Structures are given as structure tokens and as C-alpha cells.
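Q: just coords:
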């Protein structure tokens, strides 16, 4: 696909994004997550793309800045969760009733009044198990009131949804918040894997973060696994999922069958 760099899309306007939503130009690609020791798929992260009529396929960096803190934010959130429910329902029809997905949402969006209840209703009407959806909160986004965030996460978990902190270690959320936020998963930022083979201190940092998260009862996902050496080292660590181009680049929906056939599903 023809990915257009963000710097080439400065003329993107909020009106363009609004029209794009109306015309259903936004779509998902899927980044597989692999449970390392079992070498089986644990799910997919759904990544938003924009099929712009004149600029080709745009990455989120090209448009997300015009959406955040705009009147479109709520519409985008509603679109993403509705698409997620439809896709999960489709996967169920295809026999993948245990296959899970993760979607990215701003922390402030999950704090909207009745958001958790509306999401639960969306899944109930489609007879989808809410445990199959994980909401990833990007750590580099200012989460706003921590008390409000704690309440919002608790409401989602009470409805059966899973919550993760994305890009952990890259942004403004500190280790001291982990005991307050009832998240299920920590996704370690890809920067930790960059020099893992050359720098022994990087290994120590990753091992320490994994041990800390697991002692707190949280699942760990390692992002940015790009080499065979990284993959081999991580396979020595129990109960860790990984993502990265060594496993697979993001794929389109028609390729999911191939990934499932190759790796099998984690049950």
C-alpha cells in the first residue's frame, strides 16, 4: 500500500476527515500478536488507515492531530468501536470465535458518560463476548484526571472488556500509577528492543519491566520485534506476547486466514 508521510499531508483539514468518515474512507489493517512460547496467535491490533481519494493510503500521523480535541473525536471513537464489533462478529462467523482484537482510543474518550455501557450494548446486540476486545490507551496522550481514568477503566472491566497501556515507557504515565490503574496489559514501547542485542543494559531494563508487570498480574506485549535474534531471546521469557515486522507487517482482512493457518490460535 502507498503510505504517504505525514509531512506531505499538511493540507489535510478537519473537513476532509469529516467527509472521509461519511464516505467510509477509513479502514483497519491488522498487526498480529504472537504468544511466544506457544508460537500461536493471541490476537490482532487494529490500526486505522485513511484511503484518501487523492493522496493514497494515509497513516494516523497524517490525520490524528486534526481529529484529537476536535468535535470529530467522538465520531471517530464511535466509528472505531462499531467497526471493531462488526469485524469480531465476522470472525465468529468464520469460526474464529476465540480470536481477540485491540483498538486504540484516547484515554479521555473512555471517560465519556455511559461509554462503557454503550460499548457493552453494542457487543450484546451482536452476541459478541466482550472479553475479546482490548482497548489500548496511548501513554503519550495526556490522560487528564487520573481519578476519572480509574473510574472509566473500572467501568470497562466490569463490562468484561480488557484495557492496556500502549507504548509504556515512552510518555507521561509513571510506574507509580500502575497500582491505581486496573489495566490488564502493558505494551512496552518499541524503543526498548532497538539495541537489545548490543546493549546488555537494555536487556536488563526489559527483563525488569516484564517481571514487574507480571508480578502485578499484568500481561506483557513487546512491540518492535524486528529480528530473529530479538525473537529468539524473547522466546525464553514465559507468557509474553510480541508484535513486529519479524512476525508480520500489518495485513488486510483477507490475509487473516493465512496467518491463522500458519500459527494457529491461542485458546
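A: Yep, it's here. Quantities reported herein were computed from a predicted structural model and do not represent experimental measurements. Numbering: from 1, shown residues only.
Q: helices of the chain, start to end?
A: 14-22, 64-67, 72-93, 115-124, 146-158, 200-215, 228-234, 256-263 (DSSP state H).
Q: can you redo those as JSON lines with distance to residue 109, mean pLDDT and mean neighbour count?
A: C-beta: built from backbone N, CA, C; applies to glycine. Shown next, in JSON lines, are those (distance: least, CB to CB, whole Å; pLDDT from 0 to 100; neighbours: other CB atoms under 10 Å):
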{"stretch": "helix 14-22", "distance to residue 109": "15", "mean pLDDT": "91", "mean neighbour count": "16"}
{"stretch": "helix 64-67", "distance to residue 109": "11", "mean pLDDT": "83", "mean neighbour count": "18"}
{"stretch": "helix 72-93", "distance to residue 109": "5", "mean pLDDT": "95", "mean neighbour count": "17"}
{"stretch": "helix 115-124", "distance to residue 109": "7", "mean pLDDT": "97", "mean neighbour count": "18"}
{"stretch": "helix 146-158", "distance to residue 109": "9", "mean pLDDT": "93", "mean neighbour count": "17"}
{"stretch": "helix 200-215", "distance to residue 109": "24", "mean pLDDT": "89", "mean neighbour count": "14"}
{"stretch": "helix 228-234", "distance to residue 109": "32", "mean pLDDT": "90", "mean neighbour count": "15"}
{"stretch": "helix 256-263", "distance to residue 109": "26", "mean pLDDT": "93", "mean neighbour count": "14"}
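Q: as TSV, those helices with distance to residue 32 would be great.
A: Putting those into TSV (distance: least, CB to CB, whole Å) gives the following:
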stretch	distance to residue 32
helix 14-22	26
helix 64-67	23
helix 72-93	13
helix 115-124	22
helix 146-158	24
helix 200-215	20
helix 228-234	13
helix 256-263	5
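Q: which one of these lies nearest to residue 247?
A: Nearest of the helices of the chain to residue 247, taken as CB to CB: helix 228-234 at 7.5 Å.
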